[in-house]
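Undergrad: sharing a sequence plus its predicted fold:
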Amino acid sequence: MDFSYNETQQMLRDTLARFLGDTYDFETRRKMVASDSGRDPGVWRALATELGILGAPFSEEQGGLGGGAVENMIVMEQLGEAIAIEPYLQTVVIGGGALKASGGALAEALIPQIIGGEAVIAFAYAEPQGRYELHNLRTSARREGEGWVLNGHKAVVYAAPWATHLLVTARTGGSQREQGGVSLFLVEANRSGIVRRDYPTVDGFRASEIYFENASVPGDALIGEEGGALPLIERIVDEATAAVCAEGVGVMRRLHAGTQDYARQRKQFGRPISDFQVLQHRMVDMFMEVEQSASMTLMATLKLDLPDAERMAAVSQAKAKVGKGLKFTGQSAVQIHGGIGITDELAIGHYFKRATMIEGQFGSIDHHLARFERLSMPD
């Protein structure tokens, strides 16, 4: 099987890499993170209008580039190499993925806004008691007239301070941990009754605690079937997990490359420490983790359209492998750098923080190993 990129995919990768190299260097990122808003909206506009990157996974009929999951993988890996704080995962992969899967008037209205950089979507799904169980929900939605009223609390909602819309999971029936009765809503972020508490995350992003306090939303905010949205939610979370694996590969590549550069410059006993065989072996092990993780991520991405059990197993395999790879490469990079490896002034410390956060995003290593085992056991 040929796993090489086609000409269009190669062009997408090269174009984005050049753009990020020119406009998203480490010092520029530090200034963005330290600013009041935590980002430069001009970068998002450029990705949309100048490069057309936000249209990568959408069909040409929708105004996109005609790509799909592989294009998301390519973009996410490049964003990982730059530890970019752009909300591509939340807006394009998750929000756009949900709209593509559901279709209808809401998709027709919002997908062009996503491609044009006008809409930013945050995924409000996690709850304090939920761990990684997508159906463990206390947030509720009840019918009122032709619309819905939302109540509940969503935790660590990445990109929410910048969002124009929130993609919200809520229970419209059943008890807290039932798999039935779960629904999905796309809600304008500025609606009355939505309260946010914003904060910076350790890896430089911005997130929010979101409280729905009798927040009224229109009837057409419902995406998919009332009470039957869990399969759709599981699918878009698997797509997001594969995408964040690709981001992790990009982070690992930079951890490895940065460590190699440092080892060539740092001298001990009159010689570069890159001459020491034990460190050479360690850096080769880091390289192997990067390449194995990249292969597993590509395989999971190619299997996203398979039946549910096969898709879920492939994604869990990849996430467990990438999580282990991130832990090994991150810790090895910091160990070889020594104390400066965790300082704010050195890029490697910021990559290490993002690597640590990706390890647990959409499921820890243990969670995905357990899910893979459960899916692999005979009935």
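TA: All right, it came through fine.
Undergrad: could I have stretch 323-335 exported to PDB, CA atoms only?
TA: Taking C-alpha atoms only, stretch 323-335 is exported to PDB below (Å, rounded to 0.1, in the frame of the first residue of the first chain):
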ATOM      1  CA  GLY A 323       0.800   8.800  24.600                       C
ATOM      2  CA  LYS A 324       3.800   6.600  25.400                       C
ATOM      3  CA  GLY A 325       5.900   8.200  22.700                       C
ATOM      4  CA  LEU A 326       5.100  11.700  24.000                       C
ATOM      5  CA  LYS A 327       6.000  10.700  27.500                       C
ATOM      6  CA  PHE A 328       9.300   9.100  26.500                       C
ATOM      7  CA  THR A 329      10.400  11.800  24.100                       C
ATOM      8  CA  GLY A 330       9.400  14.600  26.400                       C
ATOM      9  CA  GLN A 331      11.100  13.200  29.400                       C
ATOM     10  CA  SER A 332      14.200  12.300  27.400                       C
ATOM     11  CA  ALA A 333      14.400  15.800  25.900                       C
ATOM     12  CA  VAL A 334      14.200  17.500  29.300                       C
ATOM     13  CA  GLN A 335      16.700  15.000  30.800                       C
END
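Undergrad: all further residue positions should be reported with the first residue as 24.
TA: Yes, from this point I'll number from 24; that puts the last item at stretch 346-358.
Undergrad: list the buried residues in it.
TA: Across stretch 346-358, burial judged by 16 or more other CB atoms under 10 Å covers Gly346, Lys347, Gly348, Leu349, Phe351, Thr352, Gly353, Ser355, Ala356, Val357. Heads up, the C-betas are built off the backbone N, CA and C, glycines and all.
Undergrad: for the fifth one, which non-adjacent residue is spatially closest?
TA: Read that as Phe351. Glu312 (5.3 Å; CB to CB, 6 or more residues apart in numbering).
Undergrad: if I read this right, the one you found contacts Gly353, doesn't it?
TA: No. With contact defined as CB atoms under 8 Å, Glu312 does not count as touching Gly353 (10.1 Å).
Undergrad: mind telling me what element Asp37 is part of?
TA: helix 30-46 (DSSP states H and E).
Undergrad: could you give the mean pLDDT of the very next helix or strand once past that helix?
TA: As assigned by DSSP H and E, the chain's next helix or strand after helix 30-46 is helix 49-57. For helix 49-57, mean pLDDT is 93.
Undergrad: could you list every helix and strand that helix 49-57 packs against?
TA: helix 370-383 (3 or more CB pairs under 8 Å, 6 or more residues apart in numbering; DSSP states H and E).
Undergrad: quick one: low-confidence ranges for this protein?
TA: Within the chain, the ranges that satisfy pLDDT under 70 run 24-25, 401-402.
Undergrad: apply 90 and report the result again.
TA: Scanning the chain for pLDDT under 90 picks out the ranges 24-29, 47, 126-127, 154, 286, 289-299, 302, 361-368, 399-402.
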